[in-house]
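Trainee: Here is my input; please provide its structure:
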Amino acid sequence: MLTKLMKPIAVSLLVAVTALAAEKPKVTECVKIQSLTKTDDEHYWPNWANTCPYTIDKVYVMIGFLDKFRKPLGDGVWGLHFIFQGAHRVTRFSTPTGVSGFEFVSVRKVTTDSDEALH
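Mentor: Below you'll find the predicted structure:
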């Protein structure tokens, strides 16, 4: 009798666990870069948020710097680590060398792969 009762419970539990696992969004889908603001020739301020329902271990944001004609001047990357659920920050970053005269900053890609971000 107990084994007949255990089978439906086990199946229900398996379905519930599978459904919960499927609902966890990817880090790249829920790290939101709301704006990138140039402050001067050497600094910019990203406004970002973690909309994931969990703490993110690490994420890398690959960005591009463009001149006033939207011509690429160079690339940069910044990493964030241990970002709590619901975190929202505006952070000051320095520009990499070779992008003086930039007018725009754009997000190229958000990734959790450090090798991809740094190469």
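
Trainee: CA only for contacts and neighbour counts going forward, please
Mentor: OK.

Trainee: And the helices in the chain, which stretches?
Mentor: 2-22, 27-30, 114-118 (DSSP state H).

Trainee: For residue 74, list each beta-bridge partner.
Mentor: residue 65 (DSSP bridges).

Trainee: pretty sure it is in contact with residue 66, am I right?
Mentor: Yes. Distance between residue 74 and residue 66: 7.4 Å, which falls inside the contact criterion (CA atoms under 8 Å).

Trainee: what touches both of the two?
Mentor: residue 99 (CA atoms under 8 Å, 6 or more residues apart in numbering).

Trainee: mind checking which helix or strand of this protein has the lowest mean pLDDT?
Mentor: The weakest-scoring helix or strand in the chain, judged by mean pLDDT, DSSP states H and E, is helix 2-22 (a mean of 63).

Trainee: How about residue 26, nearest residue that isn't a chain neighbour?
Mentor: Distances taken as CA to CA, 6 or more residues apart in numbering put residue 52 closest to residue 26, at 8.0 Å, once the chain neighbours are dropped.

Trainee: Distance check, that neighbour against residue 62.
Mentor: 19 Å (CA to CA, to the nearest Å).

Trainee: same question, residue 70
Mentor: Taken as CA to CA, the span from residue 70 to residue 62 is 17 Å.

Trainee: Count the neighbours of the nearest residue to residue 75 once chain neighbours are set aside for me.
Mentor: Computed as CA to CA, 6+ apart, the closest residue to residue 75 that is not its neighbour in sequence is residue 64, at 4.4 Å. The local packing of residue 64 (other CA atoms under 10 Å) involves 18 other residues.
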